[in-house]
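Chemist: Attaching a predicted model along with its sequence, questions to come.
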Amino acid sequence: MIIELMGFPPEVLKATLKKAIEQLKERAVVKKEFYAEPKKVGEKIFSSFVEFECEVKDFTTLSGIIFDFGPSTIEILSPDKIEIKSKEVESMLNDMIAKVHDMDQKIKILTANNIILQKNLNLLQQESDKIKNEEKDKEK
C-alpha cells in the first residue's frame, strides 16, 4: 500500500506519515515500511510517501483502512482468491456511502461559503469604486 502526502515543511510530512503508520498498526500488522524523502513540487510545497506491506484480519478492516487513510495504491499479495461474506460487503458499502455523503456535505458548505465570499468581495469592490469616484468628483 502507498500513502502519499503534500504539504510543508518537509519535517511535518515525515512526522505525519510516521503517525499514520503508527495509527494503522493499531488495526493491521505492518511488515515493511519505506519512507521516501520529501521532494519539492512547488514554491513551498513538498511531496512524500510511505510504502508498506501489512496483513489485515478481514475485508472490513481493509476497507476501513482504505477509507480512513486514503492510500493511492493497494496491492493484494495473498491470498489469490478471497471469499467475502455479504455482511462484510454491506459494511464496506455503507462506509463508502457515509464517506460520499460526508464529502458531498463538505463540498456544499465550501460552495456556499465561496458564494458568500464572492458576494462580499463584489460589495467591497463596488464600495471602493464609489469612494474613488467621489474623490475624483471632489478634485474637479
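Modeler: All right, it came through fine.
Chemist: tell me the domain boundaries of the protein?
Modeler: 2-81, 84-140 (automatic domain parsing).
Chemist: which of the ones you listed is buried the deepest?
Modeler: Counting by mean count of other CB atoms under 10 Å, domain 2-81 has the highest mean neighbour count of these, with a mean of 14. Where C-beta positions appear, they are placed from N, C-alpha and C, glycine not excepted.
Chemist: What's the end-to-end length of that one?
Modeler: 22 Å (CA to CA, to the nearest Å).
Chemist: can you confirm Val30 is in a strand?
Modeler: Yes: applying DSSP: H, G, I helix; E, B strand; the rest coil, one finds Val30 inside a strand.
Chemist: How about the secondary structure of Ile115?
Modeler: Applying three-state DSSP: Ile115 is helix.
Chemist: Next, find the distance separating it from Glu127.
Modeler: The gap separating Ile115 from Glu127 is 19 Å, by CB to CB, to the nearest Å.
Chemist: same deal with Met96?
Modeler: Distance from Met96 to Glu127, by CB to CB: 47 Å.
Chemist: what's the helix or strand that contains Asn133 packed up against?
Modeler: In the assignment (DSSP states H and E), Asn133 maps to helix 86-139. In terms of contacts (3 or more CB pairs under 8 Å, 6 or more residues apart in numbering; DSSP states H and E), helix 86-139 is packed against helix 59-69.
Chemist: Mind listing residues that contact the helix it packs on?
Modeler: 1, 3, 20, 24, 27-28, 54, 56, 71, 74, 82, 84, 88-89, 91-92, 95-96, 99 (CB atoms under 8 Å, 6 or more residues apart in numbering).
Chemist: okay, the angle between it and helix 86-139?
Modeler: Interaxial angle, helix 59-69 versus helix 86-139 (axes from the mean of the first three to the mean of the last three CA atoms, to 10 degrees): 10 degrees.
Chemist: Using PDB, write down the CA coordinates of helix 59-69.
Modeler: The C-alpha trace of helix 59-69 is given here as PDB (Å, rounded to 0.1, in the frame of the first residue of the first chain):
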ATOM      1  CA  PHE A  59     -12.100  -7.400   4.300                       C
ATOM      2  CA  THR A  60     -14.000  -5.000   6.700                       C
ATOM      3  CA  THR A  61     -10.600  -4.000   8.300                       C
ATOM      4  CA  LEU A  62      -9.100  -3.500   4.800                       C
ATOM      5  CA  SER A  63     -11.900  -1.300   3.600                       C
ATOM      6  CA  GLY A  64     -11.800   0.700   6.800                       C
ATOM      7  CA  ILE A  65      -8.100   1.400   6.300                       C
ATOM      8  CA  ILE A  66      -8.700   2.400   2.700                       C
ATOM      9  CA  PHE A  67     -11.500   4.900   3.700                       C
ATOM     10  CA  ASP A  68      -9.600   6.300   6.700                       C
ATOM     11  CA  PHE A  69      -6.100   6.500   5.300                       C
END
